[in-house]
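[1] got a predicted structure here, sequence first:
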Amino acid sequence: MGTIEAEKIINRQRNFFQTGETLAYEFRKQKLTALKDMLKSYKKEIYQALKNDLNKSEYEALTTELGFLHTEIDFALKHLKNWMKSEKTETPVTHKGSKSYIQKEPYGVTLVMAPWNYPLQLAIAPAIGAIAAGNTVVMKPSELTQSTSAILADMIRATFDEGYFTVVEGAKDVSQQLLEQRWDYIFFTGSTNVGKIVMEKASKHLTPVTLELGGKSPVIVDKDAKVDLAAKRIVWGKFTNAGQTCVAPDYVYVHEKVKLKLLRAMKKHIQSFYGKKPLQNEDYVRIVGKDHFDRLHAFLADGDIVHGGNVNDEKLSIEPTILDKISWDDALMQDEIFGPLLPVMTFRSLDDVIGEMKQMEKPLALYYFGETEQKQRHVMTNVPFGGGCINDTLYHLANPHLPFGGIGNSGMGAYHGKYSFDTFSHRKSILKQTTKFDIPFRYPSGRLSKAIVERLMK
């Protein structure tokens, strides 16, 4: 795609936005409803695309991709009218006679750049917020999941005017060309390194951004945790989508007194979820591509494999694997793993773990397992992270009342539920002044005005 074509796409959308059609509640409601109907109509094709790209089963596609989107759309439709209302605010006595309010205004032409790990959910979910807030959308899916990219392009082309909502497919050069353009808002989900490039490009036009990135999200299992339940929830959170989840547990810190018990329980639950031979499980998700597979495969040389470790080069599959005797010097501890490898490390003092984590980059998520409320509060208060759970993993994502987003290296901004609407809305401050009278002391008219102002400001 060349510069002229990219400019043509944006100009077409800017012209559509400037008609004012997207400002109306009924228009936004109709488009959200059309989006929901589209997902239902193309359900069969969506399942097949996700199977082609990542070997996702229909169950996993439903629970981690489609189901989430239906919930988000329903939530937006239920609350949209209320979200759009202007917010009345207080006005100080110095502004007697005036009224103040905040009006929610769409940014305009928005770019949504989606990753490959949840190629449907993470493409459509931000678009829900953009549509609800009254923007137009240009979507750039990942080229690594070609089947899902193609079905996104087909079904959105069949459902929406391209001047309002369109998909641009292509590789890295297409993304680069899009980022050279002037957007009103950019929403990016992906790696921290690429997120920095997106922010740099956006800065040339002072375009606001949301960056949903990643990081090494820790799990802490304390000595008073309900170990079997913790193991079950850790295994579920880690190996869903073969560990290719931005908020997947990246590594476990377990208290030395319960380590062996946790390892045994995690092995048990891996077998329960995926069978004794996961590589023969037809529904086990594969690694997205050869480069990513090779990177993960090399990590198997670190530490000791206590469970799993088998791979299938042809299918690009790696078993759910637990690694022990890991240190921070090992290669797999340098960056986010983003695969079905779970390093386990041991601690004696919770404060030592907290102190260590405070020195590291802020992760997208943190999960603490333990029954003592004081320790729960202590961890949640003293370790910075985007969002997380106490005695669970991943589940905070599915609550539309909670904002989802990172901090520091793991991202900026948040979305889901109303927070998606807020992300794509500018809060415009408005003061409506009375014309029935005019307060004289606001004007420079001598000592009396000065005295009155001084008294009001005390």
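    Happy to help now that I have it. Numbers count the residues shown, from 1 in each chain.

[2] so where do the helices sit in the stretch 351-458 of the chain?
    373-382, 418-423, 447-456 (DSSP state H, counting those that start in this stretch).

[3] what packs against the shortest one?
    To tie it back to what came earlier, the one meant is helix 418-423. Contacts defined by 3 or more C-beta pairs under 8 Å, 6 or more residues apart in numbering; DSSP states H and E place helix 418-423 against helix 67-84, helix 121-132. Quick note: C-beta positions are derived from backbone N, CA and C, even for glycine.

[4] try it again with 10 Å
    helix 67-84, helix 121-132, strand 185-189 (3 or more C-beta pairs under 10 Å, 6 or more residues apart in numbering; DSSP states H and E).

[5] got these as JSON lines, with mean pLDDT, distance to Arg157 and mean neighbour count columns?
    Output for the helices and strands packed on helix 418-423, formatted as JSON lines (pLDDT from 0 to 100; distance: least, C-beta to C-beta, whole Å; neighbours: other C-beta atoms under 10 Å):
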{"stretch": "helix 67-84", "mean pLDDT": "98", "distance to Arg157": "18", "mean neighbour count": "17"}
{"stretch": "helix 121-132", "mean pLDDT": "98", "distance to Arg157": "14", "mean neighbour count": "26"}
{"stretch": "strand 185-189", "mean pLDDT": "98", "distance to Arg157": "20", "mean neighbour count": "26"}
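
[6] so which of those comes closest to Ile390?
    Evaluated over the helices and strands packed on helix 418-423, closeness to Ile390 peaks at helix 67-84, with 21.8 Å, by C-beta to C-beta.

[7] right, and the helix or strand after the closest one?
    Beyond helix 67-84 on the C-terminal side, the first helix or strand identified by DSSP states H and E is strand 87-89.

[8] for the helix or strand following that next one, the averaged confidence score.
    Later in the chain than strand 87-89, the nearest helix or strand by DSSP H and E is strand 99-106. Regarding strand 99-106, the rounded mean pLDDT is 97.

[9] oh, and call the first residue 32 from now on, that's how I've got it
    Noted, 32 is the first residue going forward, which turns the last one into strand 130-137.

[10] what's the angle from strand 130-137 to strand 216-220?
    Using axes from the mean of the first three to the mean of the last three C-alpha atoms, to 10 degrees, the inter-axis angle of strand 130-137 relative to strand 216-220 is 60 degrees.

[11] what's the angle between strand 130-137 and helix 152-163?
    Interaxial angle, strand 130-137 versus helix 152-163 (the same axes, to 10 degrees): 140 degrees.

[12] check which helices and strands strand 130-137 sits against.
    With contacts taken as 3+ C-beta pairs under 10 Å, 6+ apart, strand 130-137 sits against helix 98-115, strand 118-120, helix 152-163, strand 456-463.

[13] what's in contact with it?
    48, 53-54, 59, 114-123, 161-167, 215-216, 452-453, 455-465 (C-beta atoms under 10 Å, 6 or more residues apart in numbering).

[14] hmm, 6 Å instead?
    Identification of contacts with strand 130-137 by C-beta atoms under 6 Å, 6 or more residues apart in numbering yields 115, 117-120, 122, 164-166, 456-463.

[15] one more: stretch 430-449?
    With C-beta under 6 Å, 6+ apart as the criterion, stretch 430-449 contacts 106, 160, 223, 241-244, 246, 392-395, 417, 427-428, 450, 454.

[16] buried sites along stretch 74-88?
    By neighbour count on 16 or more other C-beta atoms under 10 Å, the buried set for stretch 74-88 is 77-82, 84-88.

[17] with just CA atoms, put that stretch into PDB.
    Provided in PDB are the C-alpha atoms of stretch 74-88 (Å, rounded to 0.1, in the frame of the first residue of the first chain):
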ATOM      1  CA  LYS A  74     -19.800 -17.700  13.300                       C
ATOM      2  CA  LYS A  75     -19.000 -20.800  11.300                       C
ATOM      3  CA  GLU A  76     -16.400 -19.000   9.200                       C
ATOM      4  CA  ILE A  77     -14.900 -17.400  12.300                       C
ATOM      5  CA  TYR A  78     -14.500 -20.800  13.900                       C
ATOM      6  CA  GLN A  79     -12.800 -22.200  10.800                       C
ATOM      7  CA  ALA A  80     -10.400 -19.200  10.500                       C
ATOM      8  CA  LEU A  81      -9.300 -19.600  14.100                       C
ATOM      9  CA  LYS A  82      -8.800 -23.300  13.600                       C
ATOM     10  CA  ASN A  83      -6.700 -22.600  10.500                       C
ATOM     11  CA  ASP A  84      -4.500 -20.000  12.200                       C
ATOM     12  CA  LEU A  85      -4.000 -21.300  15.700                       C
ATOM     13  CA  ASN A  86      -5.800 -24.700  15.800                       C
ATOM     14  CA  LYS A  87      -8.400 -23.300  18.300                       C
ATOM     15  CA  SER A  88     -11.300 -25.500  19.100                       C
END
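
[18] now the helices and strands packed on strand 130-137 as CSV including distance to Gly33?
    Shown next, in CSV, are the helices and strands packed on strand 130-137 (distance: least, C-beta to C-beta, whole Å):
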stretch, distance to Gly33
helix 98-115, 33
strand 118-120, 43
helix 152-163, 24
strand 456-463, 31
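
[19] rewinding a little: out of the buried residues of stretch 74-88, who's nearest Ser380?
    Ranked by distance to Ser380 (C-beta to C-beta), the buried residues of stretch 74-88 are led by Leu85 at 40.0 Å.

[20] tell me who's in contact with that closest one.
    Contacts for Leu85 (C-beta under 6 Å, 6+ apart) come out as Val316.

[21] run a quick neighbour tally on Asn272.
    If you count neighbours by other C-beta atoms under 10 Å, Asn272 ends up with 20.

[22] what of the one 3 residues further on?
    Other residues within reach of Gln275 by the criterion other C-beta under 10 Å amount to 23.

[23] hang on, the earlier thing: among the buried residues of stretch 74-88, which ones are in helices?
    Using DSSP state H, the subset of these located in helices is 77-82, 84-85.
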